[in-house]
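Undergrad: Build me a structure from this.
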Amino acid sequence: MGTWPATGDVVILDGGLATELEARGFDLSDRLWSARLLVADPGAIEEVHLAYFRAGAQVATTASYQASVEGFAAVGLDRAAALSAIGSSVALARHARDRYREEAGDPAPGLVIAGSVGPYGAMLADGSEYRGDYALEAARLTAFHRPRMEALIEAGADLLAMETIPSVREAEVLVRLLDEVEIPAWLSYSCRDAATTSAGEPISEAVALGDHPRIVAIGVNCTAPRFVPALLAEARVATDRPLIAYPNGGDRWDPASRRWLAYAGGEFDPTTVAAWTALGATWLGGCCGTGPAEIRALAEALAADVHAA
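TA: Okay, here's the model as predicted:
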């Protein structure tokens, strides 16, 4: 297990897993997205985790964001095989961590494996994680998320990354599930503008869930960088928990074409992201549209800030 950072220390997250896989020539256009490679080419996932560690990331986020029993069932995997695939996402990240430690000749105790728990909307593969407009009762959301979380924990994840959550309603379900386990987690929302979640709730209301004792950081991810400073400012007023921010590359997801559409003037800038420590964000990284180059630049910018101080 990784060693938790001291209070106030900055944690460098990885970047977009699928983004780097696509950059390496993999077609991720089907419903399972990067989770398809947990079965089809697991070695490719491990290599991307390794690339992020080499770039300076301290966290490997597993390829389980879009992985679920229901999602794998649609491509012919039974429940046991689906849960095994989800668990394998942790093993791949752990193996990449071991390889990095060996090649660096350093035990690097601060490297953490975060088991990705994406929203129900990701399984729908229609952009719902950026709207949160699926009307499911809490019991059904609980039944969807519980086995995924259990598989990641049993496989040895250091913490859970409950990420790109579009609504307070779904976040409440996930936070209640934390009462059943003994593992920390972060909670991060997808947001549609500078003040609200993708489902339209005030970010101040959303981050109040960070008061749960197992939440180690709360904030936003896969949100355009231009919205993040205002969101962090609102969050800082509403909670005293460590804040997490890992925006996307600034583009907009188009569910019809299943690709990101360019948006000029809002791109991911590592120096700007590094400066968000002044807004209280101590867990920083990138999401869709960012790769190892951006994470390396972010790590360098954060290191420069420390030296300047």
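
Undergrad: how many neighbours does P247 have?
TA: Counted with other Cβ atoms under 10 Å, the neighbours of P247 add up to 30. The C-beta positions use only the backbone N, C-alpha and C, and glycine is treated the same way.

Undergrad: Verify the contact between it and P229 for me.
TA: No: counting by Cβ atoms under 8 Å, P247 stays clear of P229, with 10.3 Å between them.

Undergrad: can you give me the helices in the stretch 151-300 of the chain?
TA: Under the criterion DSSP state H, counting those that start in this stretch, helices of the stretch 151-300 of the chain are mapped to 168-177, 203-207, 228-238, 270-274, 292-308.

Undergrad: Could you tell me the least trusted of those?
TA: In terms of mean pLDDT, the lowest-scoring of the helices of the stretch 151-300 of the chain is helix 292-308 (a mean of 88).

Undergrad: Quick check: chain neighbours aside, which residue is closest to G286?
TA: Closest residue to G286 apart from its sequence neighbours, by Cβ to Cβ, 6 or more residues apart in numbering: G15 at 3.8 Å.

Undergrad: how about the helices of the stretch 151-300 of the chain in TSV, adding distance to Y189 and mean neighbour count?
TA: Shown next, in TSV, are these (distance: least, Cβ to Cβ, whole Å; neighbours: other Cβ atoms under 10 Å):
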stretch	distance to Y189	mean neighbour count
helix 168-177	7	21
helix 203-207	5	23
helix 228-238	9	19
helix 270-274	17	19
helix 292-308	21	17
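
Undergrad: List just the one of the ones you listed that sits closest to P107.
TA: Comparison of those against P107 by Cβ to Cβ identifies helix 292-308 as nearest, at 18.9 Å.

Undergrad: Just want to check the distance between the residue most central in space within the chain and R24.
TA: Computing the C-alpha centroid of the chain and ranking residues by Cα atoms, centre = their mean puts E163 first, at 4.8 Å. Distance, E163 to R24, using Cβ to Cβ, to the nearest Å: 22 Å.

Undergrad: Tell me where the stretch 151-300 of the chain is predicted with low confidence.
TA: 250-266 (pLDDT under 70).

Undergrad: G121 touches P166, doesn't it?
TA: Yes: counting by Cβ under 8 Å, P166 is a contact partner of G121 at 6.1 Å.

Undergrad: Would you map the strands across the stretch 51-200 of the chain?
TA: 59-61, 112-117, 159-165, 185-189 (DSSP state E, counting those that start in this stretch).

Undergrad: pLDDT (mean, whole number) over the shortest one?
TA: I take that to be strand 59-61. Mean predicted lDDT for strand 59-61 stands at 98.
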